[in-house]
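# Sequence and predicted model, in that order:
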Amino acid sequence: MVNPTRGVLYPARLPQFHRLPAPSSVTDLVAWFWIPEWDIAPGRSSRQEVVAYPALNLVVDADAVTLSGATTRLSHRDLRGSGWAVGALLRPAAVAALIDEPGSLVDDERVLDEGADVAHLRRSVAVAMGSGEGHRPRAVEAFSRWLGQRVGPVGDPARQANAAVEVLMGDGAALTPEEAATRLAVSVRTLQRMTHRHVGLSPGAMIRRRRLQEAAQRVREEPGADLASIAAELGYADHAHLTRDFQAVLGVAPRVYRSETRR
């Protein structure tokens, strides 16, 4: 599984946070499940800042079921009181069953209308989360059963979209849309149609987001690493390009971010 802190800018500030693998029944539908749990003193809050994956998330909490779109900027959530959430980082194959136009949710989210189907998901996950030891795997299992039934059989076009996102975001990912298209044996235009249909972003935007996630993780976790070397290894034109990307999305330069995460 991908490093559980990739995309999380300040891991030391996290409440309890777990990433669980998707059960075998839904590996075509979910990259992983993520579960934060928090209990924050009255009058205080915990701000969680994230460079999110370029993907949709389906999130269940005690009050609602929310579909969150891919993001193109830094996002945050302020946690207060006590609570929990169970989120699924969706693979492209799951998206069509939940929304017709994922591009309409970029940098946005939508609470799903609570008909009987959605209400059942929220209740079953909530029951699992309140069930004591082993509650997280039980919540994931309940979530997975619901999603598998909602999506149904996965066809070849959905599997091809999954493969496209893996080439753009997985280990050894392509550095350019042209490289990704070549690996997939499709045209760049076909690749663009796939990512817009299943994620809502262009292949180039997905590559830029992955590169920034990896850069932030390396700047944070490798204090002795030279920033110019990190930039070159991740496909940035130069150190200045890395700095501009950091400042445009995160609002700070890489050296400032490195010092902040080591306090």
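Yep, it's here.

# how about A31, what does it touch?
Counting by C-beta atoms under 8 Å, 6 or more residues apart in numbering, A31 makes contact with 22, 53, 55, 89-91. Every residue, glycine included, has its C-beta placed from N, CA and C.

# How much space separates it from A173?
14 Å (C-beta to C-beta, to the nearest Å).

# How about A116?
A116 is 40 Å from A173, where distance means C-beta to C-beta.

# When the two are compared, which one has more neighbours?
More neighbours surround A173 than the other of A116 and A173, with 19 against 6 (other C-beta atoms under 10 Å).

# Who are the contact partners of that one?
167, 180, 207, 210.

# quick one: the second one and S202 touch, right?
No - with contact taken as C-beta atoms under 8 Å, A180 and S202 are classed as non-touching, separated by 11.3 Å.

# These two - which one has more neighbours?
Set A180 next to S202 and count neighbours by other C-beta under 10 Å: A180 wins out with 25 against 16.

# and G83, how many neighbours does it have?
G83 is flanked by 16 other residues according to other C-beta under 10 Å.

# Enumerate every residue touching it.
By C-beta under 8 Å, 6+ apart, G83 lies in contact with 37-38, 61-62.

# Of all pairs in these, which one is the farthest apart?
W38 and A62 (12.3 Å; C-beta to C-beta).

# shared neighbours, the two?
Residues touching both W38 and A62 by C-beta under 8 Å, 6+ apart: 83-84.

# And those two? Which one has more around it.
Counted by other C-beta under 10 Å, W38 and A62 do not tie: W38 has more neighbours, with 18 against 12.

# hang on, the more buried one is in a strand, isn't it?
Yes - applying DSSP: H, G, I helix; E, B strand; the rest coil, one finds W38 inside a strand.

# beta partners of it?
Counting by DSSP bridges, W38 is bridged to G83.

# Hmm, L79 and it touching each other?
Yes - using C-beta under 8 Å, W38 makes contact with L79 at a distance of 4.9 Å.

# mind listing the strands for the stretch 101-250 of the chain?
109-111 (DSSP state E, counting those that start in this stretch).
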